[in-house]
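Undergrad: just the structure for this:
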Amino acid sequence: MSTRTSEGWSRRAVALSGAAALLTPLEAQAATRRVQFWATHSGGETLDAADGTGNPYATLLIYMMAVSTHALPRFADDLRDRTVEMSAGAMTPETAPARFDTPWSLNPTPRGEKRVALVLTFSDYSASDDAPSLPGAAQDSVRVARAFENADFAVTRAHDPTRAQLPDILAAFARASARAHVAAIYSTGHGVEVDGVQYVLHRDHRIGDGVAGLARAARWHDIACSARGKRLNLTFWAGCRNNTFA
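TA: Below is the predicted model:
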């Protein structure tokens, strides 16, 4: 029997953010072409399942990447509505900017368009003091990477990287995406959102350190900024956006 829990410790979990920060010129230019997707609203939680079905948002993203021919705004609306329905209202996805006009669509791939994707997931929290591991996230890592490959993306899959490995992974993807037309990042894992800033927790994060410990976490802003496609950048956060320390 599978247990469906919030993707986080004690039904609490992950987060990301467009945190305010100074941008390099290249980052600022890429930001004007970035559409951000979240699996739930700010303060909300997401679901994780260990029975092979994973996160409902990931499941629907995979499905829609395969079948949707709609332009990106309609794609975002459909992904939101289907996720609300599949999660029985537990998850309400958001997109930023909330309204945008981007004629690009996943299918079919325009002739000559170069696409790259980073699938970055954290699931093994056995080295943490209080954050349980996320078996559903581990399964989604494989499923989502395959979906991007089927959509003609060259995929880099980084599953459970260490704290020391993450900067090199992001730097390498930033270089690769700067040479591509379209770049995408899908990520999930434990994290928190505090005062609008979203943090992704490393697998050895100590929950007992409270808010002070977030200084050692990764910021979603920094992860998202590594998508630097010339035409379009898509970032997907599939985890929670709640403040577990409130």
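Undergrad: what's the straight distance from one end of stretch 175-188 to the other?
TA: Chord length of stretch 175-188, first to last residue, is 22 Å (Cα to Cα, to the nearest Å).
Undergrad: can you pull the buried residues of that stretch?
TA: By 16 or more other Cβ atoms under 10 Å, the buried positions in stretch 175-188 come out as 176-178, 180-188. (C-beta placed from N, C-alpha, C; glycine too.)
Undergrad: which of these sit farthest apart?
TA: Pairwise distances across these peak at 25.2 Å for 181 and 188 (criterion: Cβ to Cβ).
Undergrad: circling back to that earlier point, just the ones in helices from the buried residues of stretch 175-188, please.
TA: 176-178 (DSSP state H).
Undergrad: pick the one among these closest to residue 75.
TA: Nearest to residue 75 among those, with distances taken as Cβ to Cβ, is residue 177, at 20.2 Å.
Undergrad: which is the next helix or strand following whatever helix or strand residue 75 lives in?
TA: Assessed by DSSP states H and E, residue 75 sits inside helix 72-86. Remark: after helix 72-86, the chain's next helix or strand is strand 94-96, criterion DSSP H and E.
Undergrad: partner strands of that following strand and their direction?
TA: Taking DSSP bridges as the criterion, strand 94-96 pairs within the sheet with strand 34-38 (antiparallel).
Undergrad: next secondary structure after the strand it pairs with?
TA: strand 47-49.
Undergrad: next one: that next one to chain centre, how far?
TA: The chain centroid and the centroid of strand 47-49 are separated by 15 Å under Cα atoms, centre = their mean, to the nearest Å.
Undergrad: which helices and strands does that strand pack with?
TA: Packing partners of strand 47-49 (3 or more Cβ pairs under 8 Å, 6 or more residues apart in numbering; DSSP states H and E): strand 4-6, helix 135-150.
Undergrad: mean confidence (pLDDT) on it, please.
TA: Averaged across strand 47-49, pLDDT comes to 78.
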